[in-house]
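Enquirer: need coordinates for the below:
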Amino acid sequence: MHTVAEAVRRGRPVFAAPGPIRSATSVGTNRLLRDGAHVLCDAGDVLLALGLSSALCRSVRDGRPEPSPADAEVLEAVGWSPVSLDTLASRTQLPLGQLALALDRLRDSGWLAERAGWLERVARSDA
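Expert: Numbers count the residues shown, from 1 in each chain. Below you'll find the predicted structure:
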């Protein structure tokens, strides 16, 4: 927080990445966002806040294909916190084979990652 105070004192922009509201590790960054820090989800957010070219911002965000409507529903069910396959199957109520295919497509196109048995949404394709 000393660094944030110094940035504010010098008139520099302050960025914060939002985190899960129930996570103790996200309290500081979520408080910064509440207090007016710029939201930081990807490099495009930095470019926009610094007033750089929107063409640069588009090139950062256009790195992967949009998911199909059915896959987008699965992605929405994943949310922004790690989730197990069992929990996701319960949330979507899809047959396991259909869910597995959607998850494969989302992983292949850079929307999801699997780490230690947990499915996680990827903020951008090169993250």
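Enquirer: this protein: helices as residue ranges?
Expert: With DSSP state H, the ranges of helices along the chain come out as 2-9, 27-34, 43-49, 54-61, 69-78, 85-92, 96-108.
Enquirer: can you tell which of the ones you listed is closest to Glu120?
Expert: Closest of the helices of the chain to Glu120 is helix 69-78, at 7.7 Å (criterion: C-beta to C-beta). Every C-beta, even on glycine, is put in place using the N, C-alpha and C of the backbone.
Enquirer: quick revisit: now distance to Trp118 too, for the helices of the chain, in CSV please.
Expert: As requested, the helices of the chain are arranged in CSV below (distance: least, C-beta to C-beta, whole Å):
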stretch, distance to Trp118
helix 2-9, 31
helix 27-34, 21
helix 43-49, 25
helix 54-61, 25
helix 69-78, 10
helix 85-92, 9
helix 96-108, 12
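Enquirer: adding mean pLDDT, mean neighbour count and distance to Ala16, write the ones you listed out as TSV.
Expert: TSV is the format used below for those (pLDDT from 0 to 100; neighbours: other C-beta atoms under 10 Å; distance: least, C-beta to C-beta, whole Å):
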stretch	mean pLDDT	mean neighbour count	distance to Ala16
helix 2-9	87	11	9
helix 27-34	90	15	4
helix 43-49	76	17	10
helix 54-61	50	13	19
helix 69-78	93	16	22
helix 85-92	95	14	27
helix 96-108	94	15	27
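Enquirer: so which of those comes closest to Arg121?
Expert: Closest approach to Arg121 among those is made by helix 69-78 (5.3 Å; C-beta to C-beta).
Enquirer: residues in contact with that closest one?
Expert: 66-67, 83, 88, 91-92, 94, 99, 102-103, 105-106, 111-112, 119-121 (C-beta atoms under 8 Å, 6 or more residues apart in numbering).
Enquirer: kindly report the same for stretch 98-107.
Expert: So stretch 98-107 is in contact with 67-68, 70-71, 74-75, 85, 88-89, 92, 94, 112-114, 119, going by C-beta under 8 Å, 6+ apart.
Enquirer: and what of stretch 111-120?
Expert: 64, 67, 71, 75, 78, 82-85, 88, 103, 106-107, 121-122.
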